[in-house]
Structure formats: C-alpha cells, structure tokens
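Chemist: requesting a structural model of the entry that follows:
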Amino acid sequence: MTESASSRREFLKTTSAVAGGAITAAVEARPTSPADTSKIRNYNPKMGYRRLGKTGLMISEIGLGGHTTEDVENRRAVLKKAAELGMNYVDNNIAEECDLYGKALGKDRDKWIIGFASWPEKLTPDYEKEFNADLCYRNIDARLKGYGTDCLDIWRPVGASWGDGQTKQDTMWDVSPRTLDIVVEVFEKVKKQGKVRFLGISGHKSTVFRRVLTEYPQFSVILFPYLFLTKPYGGDSLLALAKEKDVGVIGIKPFAAGATFGDKEQAVTWRGKVDPRATSLLKVMLQEQRISAVIPGVQSPEQLEQNVKASYSRAEPLTEADRKAYHECLDSYGRQLNGSYAGYRWLHEWEVV
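Modeler: From the prediction side, this is the model:
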C-alpha cells in the first residue's frame, strides 16, 4: 500500500465518526419564524433567516461568499437571482473583489447586508510591525467609495488575523494584542462617524477566534472555515463559546475550496455547473443552529438555486440520497486533500470546532 493510500484510509477511518456525528447527532433544524419580516432584506418566505449574534441582524442562512474571477455582468446576474431567492448577506474579500461587487450592486446596495475585508498592504513576516490605524482608515474609505455608500455593515480586517503563518495552528495566540487593539480603536472611531456598523474578524486559525471571543467584546461576528463534515468539540467548542458571547458565526469554505466535488482540473471544467450534492451537504450543515449562515461561493445563478434548496427544505428529514451524497463527498474530500488539493490540508484542523 502506498503512503498516500495509507493516509487516505486512516483519514476516512477517523472522519467516518465525524460524518456519523454530523448526520445523526446534529441539532434538529427548525424553520426560523421572525416576528417582523418587514425588516428582513430580500425576504422570501421559503428561506430561513437567523439572528447574527448581538448585531441583531436577521440574515439568510445561505449567503453569498467565496472568491470570484467572473465579470460585472456575471455578478449582476448572480446578485439579482440571489435576492429573488431570499439571500441578503454577501461577503467580499480582496479590494478588487469588493470593487467588482460595488459595481454589480449599483443602486441595489441597500438590499444587502455586506461584510467586507481589508488586508495588509504587504503580506510579509513583518506586516504586523507595519500594521497601523492609517492603513485601516484608508482601506475603509476606499471600500465605501467602491460600494458607492456612506455606511457598510461589517468590517472584518484580515490584517488582524494573518499572524505568523495564516494556516498554522501551533501556538496559543497567533495574533498580537497590538494588532487587535489598533483594529478596535479604528472601529470605535468609524462607528461613531457612521461609516461601519459592526466589527467582525475572519481567518484560518482557531486560536485567533478564541482570543477575540475571550478578550475583545467589540467583535460581533466571526467567520471561519465550517466544512460540510465539521462537528463541535465537546464542552470546549468554539461554537459554544461564540454562543455564550452572543457573537454571530458565519461558515466559510463549506465545500473545502472545491475539494468536496473533485480534483482541481475537474473544478475548472465544471466551473459554473451544478452539483446536486451541494443541497445535501448544506442541509446537513444547517442542522447546526449555532451557525448564523453558510456562505458558499458560486459562479452561476443556477448554483444559487441548488444551494437554497437546502434552506427551503430545512424542515424535512435527511434522506438516504442525502446520506449517500454526504459519504461520496467525504471520500472525495479525503482523496483530494492528499492529491491536487494538498495545499489545503490545513482544513483538517477545522473538522472539529
């Protein structure tokens, strides 16, 4: 047996328990029935909406995330269809992506709750020494201009969670208090100015979130990889801590950056097409009520329609077809993280939160 085959077999052996737990021991999914739906943007009675922690915002449990290389016309079509389907949360990352969505949203900006990132100007080992308040202010003002608005909903500075190796989990605190202190100082100022409503943080290291949740009450939202197979870690669960602090949780990379459905070459040829298994995986994920939303990236309106079926059918029990799809994707995930997606092996750290 080759080393790769051996590792894959061992992986599948351990994650089968995770899979079983995710499917059989998940929290029962219940339709959300907010008292006043008139305040929910893009409200669609078929869609489930969940409270985003202490922000008080009701966001669609399936949102729009992920990176894109598509053009403005594609994004306009995607956003139009997403609004029709009941989505109201969109998350943007790098500056170019934020500006692309700003152009695509146009006059419809107010229909959406927007989470946006700002990044360090230089991703070098010394970035934390160079990180400063002026950089943050410039980033925020540039994004306001790009979206054509005076106020945005959730600012999540990636520069506050980059640390020494974005995907390494080998130290207790991977982001310095200095960096977070700067972020909080900037947020409190721009909030008073009416430029940003809430503070969030995203990253790939769980230690970052534990520091934020235990030491910085100014943060209202956290975004971290929440995979289709992720399960909570007993009494020390990050989900439990977030709930205790009333901080909203948004799951990114639900399909493991594409590894769930096949290798990278297949992902390119399959781009924009629909995989029906996406519905099954999202149905499993939505059983966890401590997640406010899951935000898969999409390349086409058709993929949106496939994703929202998971919310529309959230009150229905999982079927044998759902379980089959889950295990097929679990197998693909294991193979691809030992193959063409080897650069994403750090996702193993997010199988338990």
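Chemist: residue contacts, the residue nearest the centre of the chain?
Modeler: Closest to where the C-alpha atoms of the chain average out (C-alpha atoms, centre = their mean) is residue 252, at 2.4 Å. Residues in contact with residue 252 (C-beta atoms under 8 Å, 6 or more residues apart in numbering) are 65, 66, 91, 202, 223, 224, 225, 226, 295. (C-beta placed from N, C-alpha, C; glycine too.)
Chemist: next, give me the two most distant ones among these.
Modeler: Maximum pairwise distance among the contacts of residue 252 (C-beta to C-beta): 14.5 Å, between 66 and 224.
Chemist: so for those two, which residue has more residues nearby?
Modeler: It is residue 224, of residue 66 and residue 224, that has more neighbours when counted by other C-beta atoms under 10 Å, with 23 against 19.
Chemist: helix, strand, or coil at that one?
Modeler: Three-state assignment for residue 224 (DSSP: H, G, I helix; E, B strand; the rest coil): strand.
Chemist: what about residue 116, helix or strand, and which?
Modeler: Assigned by DSSP states H and E, residue 116 belongs to strand 113-118.
Chemist: elements contacting that strand?
Modeler: Other elements packing on strand 113-118 under the criterion 3 or more C-beta pairs under 8 Å, 6 or more residues apart in numbering; DSSP states H and E are strand 89-92, helix 95-105, helix 133-147, strand 152-157.
Chemist: ok, the closest residue to residue 228 other than its chain neighbours - how many residues close by?
Modeler: Among residues not flanking residue 228 along the chain, residue 281 sits closest, at 4.0 Å (C-beta to C-beta, 6 or more residues apart in numbering). Neighbourhood size, residue 281 [other C-beta under 10 Å]: 27.
Chemist: test my guess that residue 156 contacts residue 223.
Modeler: Yes. Counting by C-beta atoms under 8 Å, residue 156 touches residue 223, with 6.4 Å between them.
Chemist: CA atoms of the strand holding residue 116 as CSV?
Modeler: Extracted in CSV, the C-alpha atoms of strand 113-118 (Å, rounded to 0.1, in the frame of the first residue of the first chain):
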residue,chain,number,x,y,z
ILE,A,113,-26.0,43.2,4.3
ILE,A,114,-22.4,43.5,3.3
GLY,A,115,-19.4,42.0,5.1
PHE,A,116,-16.1,43.3,3.6
ALA,A,117,-12.4,42.7,4.3
SER,A,118,-9.4,44.9,4.4
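Chemist: direction included, what does it pair against?
Modeler: strand 89-92 (parallel), strand 152-157 (parallel) (DSSP bridges).
Chemist: enumerate the positions of that strand that are buried.
Modeler: 113, 114, 115, 116, 117, 118 (16 or more other C-beta atoms under 10 Å).
Chemist: report the mean per-residue pLDDT for it.
Modeler: For strand 113-118, mean pLDDT is 91.
Chemist: now that strand against helix 95-105, angle please.
Modeler: Put simply, strand 113-118 runs at 150 degrees to helix 95-105, going by axes from the mean of the first three to the mean of the last three C-alpha atoms, to 10 degrees.
Chemist: and for residue 58, the neighbour number?
Modeler: 23.
Chemist: just to check, it is in contact with residue 48?
Modeler: No. Judged on C-beta under 8 Å, residue 58 makes no contact with residue 48 at a distance of 10.0 Å.
Chemist: now do residue 176 against residue 232, distance only.
Modeler: When distance is defined by C-beta to C-beta, to the nearest Å, residue 176 is 28 Å away from residue 232.
Chemist: which one of these two is surrounded by more residues?
Modeler: More crowded of residue 176 and residue 232, by other C-beta under 10 Å: residue 232, with 19 against 16.
Chemist: list the contacts of residue 278.
Modeler: Applying C-beta under 8 Å, 6+ apart, the residues near residue 278 are 255, 296, 303, 306, 307, 310.
Chemist: helices of this structure, start to end?
Modeler: All helices of the chain, identified by DSSP state H, fall at 3-24, 72-85, 95-105, 127-130, 133-147, 177-192, 206-215, 238-244, 264-269, 277-285, 301-312, 320-337.
Chemist: and residue 232, what does it touch?
Modeler: 238, 239, 240, 288, 290, 352, 353.
Chemist: hmm, which two among those are most spread apart?
Modeler: 290 and 352 (14.2 Å).
Chemist: just put the strands paired with strand 113-118 in CSV and tack on mean neighbour count, distance to residue 194 and mean pLDDT.
Modeler: Output for the strands paired with strand 113-118, formatted as CSV (neighbours: other C-beta atoms under 10 Å; distance: least, C-beta to C-beta, whole Å; pLDDT from 0 to 100):
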stretch, mean neighbour count, distance to residue 194, mean pLDDT
strand 89-92, 26, 20, 95
strand 152-157, 25, 10, 93
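Chemist: dump the ones you listed into TSV; add distance to residue 137 as well.
Modeler: TSV is the format used below for these (distance: least, C-beta to C-beta, whole Å):
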stretch	distance to residue 137
strand 89-92	19
strand 152-157	11
